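Enquirer: Attaching a predicted model along with its sequence, questions to come.
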Amino acid sequence: MGYLLVVDDNEDLLFALKEVFKTGGYRVFTATSLSEASHVLNERNYDLILLDWMLPDGSGVEWLNQIRETGVATPVLLFSSRGEVEDKVNALDKGADDYLPKPFSNIELLARVRALIRRGATVKNEVVKIDDIEIDLKYRSVKVGENSVDLSAKEFELLELLVRNRGVVLTRYQLFEHIHRDFNKISSSNVVDVHIKNIRKKIQNSGFIKTVRGVGYTIEGE
């Protein structure tokens, strides 16, 4: 049984979601404001947080950014009636794991919830060490030796994908698709190259991420 925290101020939606998730075998806890969500969040460990964009006492996206900065790594599915690509990018940059525009079908919602919980289960307490570089996938942190490295959300997502696929060459297309999750608007710009350049500079190791000319990037080793 998974533990879900649903944060939304629409009482009718909360009731409907509780019924949907109950049939899926989940135990659901709710909050109708960000202040209540902060309190409930400290009561137990959740497998997933479902968060509305706008709450009576502030922005769900900004609250998400704040809890990420405190080390909360619980997967978050953000839902909203806002459907612009820029809104999705902003949400993902602030730490959301997925974005679902309203209205949504219960079948799609349950499918995304299952996928996020599976993904979250694989990163709990997982720390990857390569040479003197340590990547904590749960707390989304990076250290080189004893020094912490401050990566942006996009930079960490790229690094995590490369780390999880060590020894595999990932194309620029695959990397861009991963960090933007917009399958209908793949950019031909050099945004991935810029992110990789920034990661190399911050970890002060230009050879850690290998360039495969004309294809993409890889991290070698086991």
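Expert: Perfect, I can see it now.
Enquirer: which residue packs closest to F104, ignoring adjacent ones?
Expert: Nearest residue to F104, sequence neighbours excluded (Cβ to Cβ, 6 or more residues apart in numbering): F79, at 6.8 Å. Bear in mind the C-beta positions are built from the backbone N, C-alpha and C, glycine included.
Enquirer: ok, residues contacting the biggest helix by length in the chain?
Expert: Longest helix in the chain by number of residues (criterion: DSSP state H): helix 106-123. Defining contact as Cβ atoms under 8 Å, 6 or more residues apart in numbering, one finds that helix 106-123 is touched by 2, 4, 17, 20-21, 24, 26, 47-48, 50, 73-75, 77, 97-98, 100, 137-138.
Enquirer: tell me which helix or strand of the protein sits lowest on mean pLDDT?
Expert: helix 85-93 (a mean of 71; mean pLDDT, DSSP states H and E).
Enquirer: Double-check the residue nearest to F104 against A96; I have them as touching.
Expert: No - taking contacts as Cβ atoms under 8 Å, F79 lies outside contact range of A96: 9.7 Å.
Enquirer: which residues do those two both contact?
Expert: Contact criterion Cβ under 8 Å, 6+ apart; residues shared by F79 and A96: L51.
Enquirer: got the domain boundaries for this protein?
Expert: Domain segmentation of the chain under automatic domain parsing yields 3-123, 127-218.
Enquirer: about what we covered before: now the longest helix of the chain: mean pLDDT?
Expert: Averaged over helix 106-123, pLDDT sits at 78.
Enquirer: So for whichever helix or strand comes after that helix, what gets flagged as buried?
Expert: Next in sequence after helix 106-123, counting helices and strands by DSSP states H and E, comes strand 127-130. Residues V128 are the ones in strand 127-130 that count as buried (16 or more other Cβ atoms under 10 Å).
Enquirer: So in that sheet, which strands flank strand 127-130, and in what orientation?
Expert: Using DSSP bridges, the strands paired with strand 127-130 are strand 133-136 (antiparallel).
Enquirer: who's in contact with the partner strand?
Expert: Strand 133-136 is contacted from outside by 126-129, 141-144, 159-160, 163, 203, 205, 208, using Cβ under 8 Å, 6+ apart.
Enquirer: Just the CA atoms of that strand, as CSV, please.
Expert: Output in CSV follows, covering the C-alpha atoms of strand 133-136 (Å, rounded to 0.1, in the frame of the first residue of the first chain):
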residue,chain,number,x,y,z
ILE,A,133,32.5,12.3,-7.3
GLU,A,134,29.5,11.4,-5.1
ILE,A,135,25.9,11.7,-6.4
ASP,A,136,23.1,11.3,-3.9
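Enquirer: Among the contacts of strand 133-136, name the buried ones.
Expert: With burial judged by 16+ other Cβ under 10 Å, the buried subset of the contacts of strand 133-136 is 128, 141-144, 159-160, 163, 203, 208.
Enquirer: Now, those residues that are in strands?
Expert: Secondary structure defined by DSSP state E assigns 128, 141-144 of those to strands.
Enquirer: would you turn those into CSV with distance to V89?
Expert: As requested, those are arranged in CSV below (distance: Cβ to Cβ, whole Å):
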residue, distance to V89
V128, 26
S141, 23
V142, 22
K143, 28
V144, 28
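Enquirer: Kind regards, and thank you for your time.
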